[in-house]
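*Asks:* Kindly generate the corresponding structure for this input.
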Amino acid sequence: MNFMEYAVDERLVSDAERAAFEVYASMVSASSASRRAEHAVSFADILGNPGEFRQYVQGGSGERLARIDRLIRIFHENCELLVHKTWVEKSDEKRKEKLLDELSSFEREFRDGAVVPAFRRFIALSRSIAHLLFGAQSRADDFLLYCFRIDPKLGLFFWFVGELEAQSREESGYSEDLLTVETLVGMYVLASF
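*Replies:* Residues are numbered from 1 along each chain as shown. Model prediction:
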């Protein structure tokens, strides 16, 4: 049974969590920025606290940018805290330092509007965080099931990261609007932990 089949079949999962796969697909395939934003809000509501993400994709441009700036700061602080509080083997200390450097680079790229590099760096950051938290298990075939059993939202988040990774490898490319919204959702989720 693959991850999606398991997640949809799992009895402890809410109906909203079951719908995450369809909502995400709708977000990716949306034909307009406004429809994409609505699907992103629905998807973020599943992974985070309902109602909180909307402020990052709606409202006046100035207000929205100020809110996104605050999100970036909270995301950065939470990731730093997570990295500093994570106990690792001596051999992984350099990995922690590299992750902090990558975090600063990500923030710079995102703020400068370098959407594609920031998107790719977000994926790498998420994978590095998974490795810090779960060690070699983060590379195991059953990693998503493992995370999903710990917390369905955690499993869905790392499934989402896998989908982003698959997108980044595709030749056709995706709009910067989609990559920006997806990166915002990812930052929002990690800022909410």
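*Asks:* give the contact list for Ala19.
*Replies:* Ile46 (C-beta atoms under 8 Å, 6 or more residues apart in numbering). All C-beta atoms are positioned from the backbone trio N, CA, C, and that covers glycine.
*Asks:* now it: how far from Phe43?
*Replies:* Using C-beta to C-beta, to the nearest Å, Ala19 is found at 9 Å from Phe43.
*Asks:* now Glu52
*Replies:* From Glu52 across to Phe43, the span is 13 Å (C-beta to C-beta).
*Asks:* which one is Val115 nearest to, not counting chain neighbours?
*Replies:* Excluding its sequence neighbours, the residue lying closest to Val115 (C-beta to C-beta, 6 or more residues apart in numbering) is Glu176, at 4.4 Å.
*Asks:* What is the neighbour count of that neighbour?
*Replies:* Using other C-beta atoms under 10 Å, Glu176 is surrounded by 13 other residues.
*Asks:* Hmm, Val116 and it touching each other?
*Replies:* Yes: counting by C-beta atoms under 8 Å, Glu176 touches Val116, with 7.2 Å between them.
*Asks:* still on that earlier bit, neighbour count: Glu52 and Phe43, which is higher?
*Replies:* Shown here are Glu52 and Phe43; by other C-beta under 10 Å, Phe43 has more neighbours (27 against 15).
*Asks:* Show me the longest helix that occurs in this protein.
*Replies:* Counting by DSSP state H, the longest helix found in the chain is helix 61-85.
*Asks:* Return the set of buried residues in the helix or strand hosting Arg18.
*Replies:* Using DSSP states H and E, Arg18 falls within helix 15-29. Neighbour counts using 16 or more other C-beta atoms under 10 Å place 17-18, 20-21, 23-24, 26-28 of helix 15-29 among the buried residues.
*Asks:* what's next to stretch 112-129, contact-wise?
*Replies:* By C-beta under 8 Å, 6+ apart, the residues outside stretch 112-129 that reach it are 79, 82-83, 95, 98-99, 102-103, 105-106, 109-110, 138, 158, 161, 164-165, 168, 176, 179-180, 182-183, 186-187, 190.
*Asks:* What is the longest helix of the chain packed up against?
*Replies:* Using 3 or more C-beta pairs under 8 Å, 6 or more residues apart in numbering; DSSP states H and E, the elements in contact with helix 61-85 are helix 93-111, helix 115-134, helix 176-192.
*Asks:* Which among those helices is found nearest to Cys147?
*Replies:* Distance to Cys147, taken as C-beta to C-beta, is lowest for helix 115-134 among the helices and strands packed on helix 61-85, at 7.8 Å.
*Asks:* Do me a favour and average the pLDDT over the helix or strand following the closest one.
*Replies:* Downstream of helix 115-134, the first helix or strand assigned by DSSP H and E is helix 143-150. Confidence for helix 143-150, expressed as mean pLDDT, is 90.
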